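Visitor: using only what follows, build the 3D model:
(one chain, ligands or ions: 2)
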Amino acid sequence: MRGVAAGPPTVKSPSGRTRANTWSFSKVEDTKICVVMVGLPARGKSYIAQLAQRYLQWLSIPAATFNVGNYRRNDAPQPTADFFDFNNPEGERKRRAAAEAAVADMLAWFRTGGVVGILDATNSTKERRKWVMDTCTAHGIEVLFVESKCDDEEVIMANIRDVKLTSPDYRGQDPEAAAQDFRNRISHYEKVYKTINADEDEDNYTYLKLMNVGKQVIINRIQDYLQSRIVYYLMNLHIRPRSVWLSRHGESLYNLSGRIGGDMLLSPRGELYAKKLPDLVRESVGDDRPLTVWTSTLKRTIATARFLPPHYNQLQWKALDELDSGVCDGLTYQEIKDRYPEDFAARDEDKYNYRYRGGESYRDVVIRLEPIIMELERSEDILIVTHQAVLRCIYAYFMKKDQAKSPWMNVPLHTLIKLTPRAYGTEEVRYEAHIPAVSTWRGKGSTAKHENPTPESL
Ligand code: ATP
Ligand code: F6P
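Guide: Ligands and ions are numbered 1, 2, ... in the order given. Reported below is the predicted structural model:
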């Protein structure tokens, strides 16, 4: 297998101790993959591309998307459908130039350490695919074609209505005329479009073909670990409307005394939150939407979820347990600073990567949350009752928070967060229970037991 490191390399942790690197990074660092999107317009290619990029970046795998449409817009900002007529030499020339510019930028990006470059274009002809394949291969880059095929008229119309009419291509135009023009654009593509391996002469390509939003899937010649992770992730995506609700457990006895970790029960105010949670959920979810509830295996999340309606399915996940603070479990931040001053400073220096002695780092938590994210993508409405650090990691995935910032984010107790994935981005609504609780947020350098969050941590 090309591009896979022989064994996990070791890296110096901020505290000076060496540690084995995480698999997600160690195995991919020599690999370069170009994910080449394929499909007619309005088939969800950009949608799939941005989710793949978000997932990979969340796993610390350098990923970037090169959208040929954006390059084309430099030269042809608002073209009408005839620009896309394959018999229009001017249109052909400009479209080819845009593809070449995108690929040139992508190759330059790979040279700076990029691992997964996503080429977002229709790549709808065999000739175009061969050109991308040859160019990438010549530069030592693996190619994974990802085709979205969809003949469900309702889905296509919804895509045009929800996404295409707001595209810069149609800014300021009459929606009906724009929709008709976009349909004409699709017709031009249909005349030349060949699904991958239609003529059985692309059988040597590595590809994933998603038919009607994953109802049917074809996988061909997947070569290595990272490719298989990407393929598995993309197979799990769906576009049915759904939300994910996130809550921390109610205030715990350790929260009150400013201690970290442990397996304590709830404080009296934490109990009040547990009793109030069903109302908050009802207000946000409604009465008749079936909801699945996931908790960690620790007492405080299970206790928080225990008054939720019995017809909600409940599941406990070890992967949702709080970040393991190792030898610091049960200590206050002041005690950590007194006993392990170097560690205390190292954690503030690089909170995402710092691993507690005998415990975990935020980076470790992200890696163990990967199956949770995979399951979340497959699922519909889910409520997750978990812990501060874990919630930050899940939130960072949906909201694309960067790693340096996410461990410092304020996630208040006694608040329900509703996240709703949309075509481009995630919508957020917060519901406060209005039950007072201590703040467990801590600013850099501070050892305060309870501290008010600063505005930039919100
Ligand atoms: P274009 O070629 O014009 O750039 P596109 O194929 O990139 O079009 P998108 O802009 O990604 O299309 O379309 C977004 C819409 O596609 C969203 O509304 C999303 O719900 C929907 N979508 C996501 N995945 C799929 C899929 N596998 N098949 C069809 N539609 C999908
Ligand atoms: O203080 C509550 C808590 O859930 C601890 O158990 C955990 O160690 C901590 O938050 C994680 O937050 P931070 O990474 O900011 O220390």
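
Visitor: tell me the confidence at the residue of the stretch 251-400 of the chain found nearest ligand 1?
Guide: In the stretch 251-400 of the chain, no residue comes nearer to ligand 1 than Glu377, which is 11.9 Å away by Cβ to the nearest ligand atom. Backbone N, C-alpha and C define where each C-beta goes, glycine included. We note a pLDDT of 97 for Glu377 in this prediction.

Visitor: if we ignore the residues flanking it in sequence, what's nearest it?
Guide: Asn236 (4.5 Å; Cβ to Cβ, 6 or more residues apart in numbering).

Visitor: surely that neighbour touches Pro371?
Guide: No. In this structure Asn236 lies outside contact range of Pro371 using Cβ atoms under 8 Å: 10.8 Å.

Visitor: of these two, which one has the most company?
Guide: Neighbours per residue (other Cβ atoms under 10 Å) separate Asn236 from Pro371, with Asn236 holding more: 15 against 11.

Visitor: so what pLDDT did the more buried one get?
Guide: 96.

Visitor: ok, it - contacts?
Guide: Gly214, Met374, Glu377, Arg378 (Cβ atoms under 8 Å, 6 or more residues apart in numbering).

Visitor: filter these to the buried ones?
Guide: Met374, Glu377 (16 or more other Cβ atoms under 10 Å).

Visitor: report the two of the contacts of Asn236 separated the most.
Guide: For those, the farthest-apart pair by Cβ to Cβ is Gly214 and Met374; their separation is 13.6 Å.

Visitor: and the regular element (helix or strand) spanning Arg430, which strands flank it?
Guide: In the assignment (DSSP states H and E), Arg430 maps to strand 425-432. The sheet places strand 425-432 alongside strand 415-422 (antiparallel), with pairing taken from DSSP bridges.

Visitor: okay, the partner strand in CSV with CA atoms only?
Guide: What follows is strand 415-422, C-alpha atoms only, in CSV (Å, rounded to 0.1, in the frame of the first residue of the first chain):
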residue,chain,number,x,y,z
THR,A,415,-28.6,25.0,27.9
LEU,A,416,-29.9,22.9,25.1
ILE,A,417,-28.3,23.5,21.7
LYS,A,418,-30.1,22.6,18.5
LEU,A,419,-28.0,22.2,15.3
THR,A,420,-29.7,21.8,12.0
PRO,A,421,-27.5,20.9,9.0
ARG,A,422,-28.5,22.9,5.9
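
Visitor: what are the buried residues along it?
Guide: Thr415, Leu416, Ile417, Lys418, Leu419, Pro421.

Visitor: go on, stretch 438-447?
Guide: Quick answer for stretch 438-447 (16+ other Cβ under 10 Å): Val438, Thr440, Trp441, Arg442.

Visitor: contacts with ligand 2 among these, please.
Guide: Near ligand 2, taking Cβ under 6 Å from any ligand atom as the test, the members of the buried residues of stretch 438-447 found are Thr440, Arg442.

Visitor: ok, of the buried residues of stretch 438-447, which one's closest to Ala177?
Guide: For the buried residues of stretch 438-447, the nearest to Ala177 is Trp441 (51.2 Å; Cβ to Cβ).

Visitor: the closest one: what's it in contact with?
Guide: Asn410, Val411, Pro412, Glu451, Asn452, Pro453, Ser457.

Visitor: not counting sequence-adjacent ones, nearest residue to the second one?
Guide: Think Val411. Closest to Val411 by Cβ to Cβ, 6+ apart is Leu391, at 5.2 Å.

Visitor: near the one you found, how many other residues are there?
Guide: 21.

Visitor: ditto for the one 3 residues further on
Guide: Ile394 is surrounded by 24 other residues when neighbours are defined as other Cβ under 10 Å.

Visitor: what pLDDT does it get?
Guide: 98.

Visitor: circling back to that earlier point, between the buried residues of strand 415-422, which sits nearest ligand 2?
Guide: Nearest to ligand 2 among the buried residues of strand 415-422, with distances taken as Cβ to the nearest ligand atom, is Thr415, at 14.4 Å.

Visitor: can you tell me the element Ala52 falls in?
Guide: Element membership for Ala52, per DSSP H and E: helix 45-58.

Visitor: oh, I was asking about Gly250
Guide: Applying DSSP H and E, one finds Gly250 in no helix or strand.

Visitor: can you check the one 5 residues further on too?
Guide: When elements are defined using DSSP H and E, Asn255 is found to belong to helix 253-257.

Visitor: just checking, what packs against that helix?
Guide: Packing partners of helix 253-257 (3 or more Cβ pairs under 8 Å, 6 or more residues apart in numbering; DSSP states H and E): none among the helices and strands.

Visitor: buried set for it?
Guide: Tyr254, Asn255, Leu256.

Visitor: try stretch 316-323
Guide: In stretch 316-323, counting by 16+ other Cβ under 10 Å, buried: Trp317, Ala319, Leu320, Asp321, Glu322, Leu323.

Visitor: kindly confirm whether my reading is correct that the second one touches Leu369.
Guide: Yes. With contact taken as Cβ under 8 Å, Ala319 and Leu369 are classed as touching, separated by 6.0 Å.

Visitor: now the helix or strand where Leu107 lies: how far from the chain's centre is it?
Guide: Taking DSSP H and E as the definition, Leu107 sits inside helix 89-111. Centroid separation for helix 89-111 versus its chain: 27 Å, with Cα atoms, centre = their mean, to the nearest Å.

Visitor: ok, the next helix or strand after that helix: who's next to it in the sheet?
Guide: The helix or strand immediately downstream of helix 89-111 is strand 116-120, counting by DSSP H and E. As defined by DSSP bridges, the strand partners of strand 116-120 come to strand 33-38 (parallel), strand 63-67 (parallel).

Visitor: relative to helix 45-58, how tilted is the longest one?
Guide: Going by axes from the mean of the first three to the mean of the last three Cα atoms, to 10 degrees, strand 33-38 is angled at 160 degrees with respect to helix 45-58.

Visitor: now swap in the shortest one and tell me
Guide: Interaxial angle, strand 63-67 versus helix 45-58 (the same axes, to 10 degrees): 160 degrees.

Visitor: with only the CA atoms kept, save the helix or strand just after strand 63-67 in PDB.
Guide: Following strand 63-67 in sequence order, the next helix or strand is helix 68-75 (DSSP H and E). Provided in PDB are the C-alpha atoms of helix 68-75 (Å, rounded to 0.1, in the frame of the first residue of the first chain):
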ATOM      1  CA  VAL A  68     -14.000  25.100 -10.900                       C
ATOM      2  CA  GLY A  69     -17.200  27.200 -11.000                       C
ATOM      3  CA  ASN A  70     -15.500  29.800  -8.800                       C
ATOM      4  CA  TYR A  71     -12.600  30.000 -11.300                       C
ATOM      5  CA  ARG A  72     -15.000  30.200 -14.200                       C
ATOM      6  CA  ARG A  73     -16.800  33.100 -12.600                       C
ATOM      7  CA  ASN A  74     -13.600  35.200 -12.900                       C
ATOM      8  CA  ASP A  75     -14.000  35.100 -16.700                       C
END
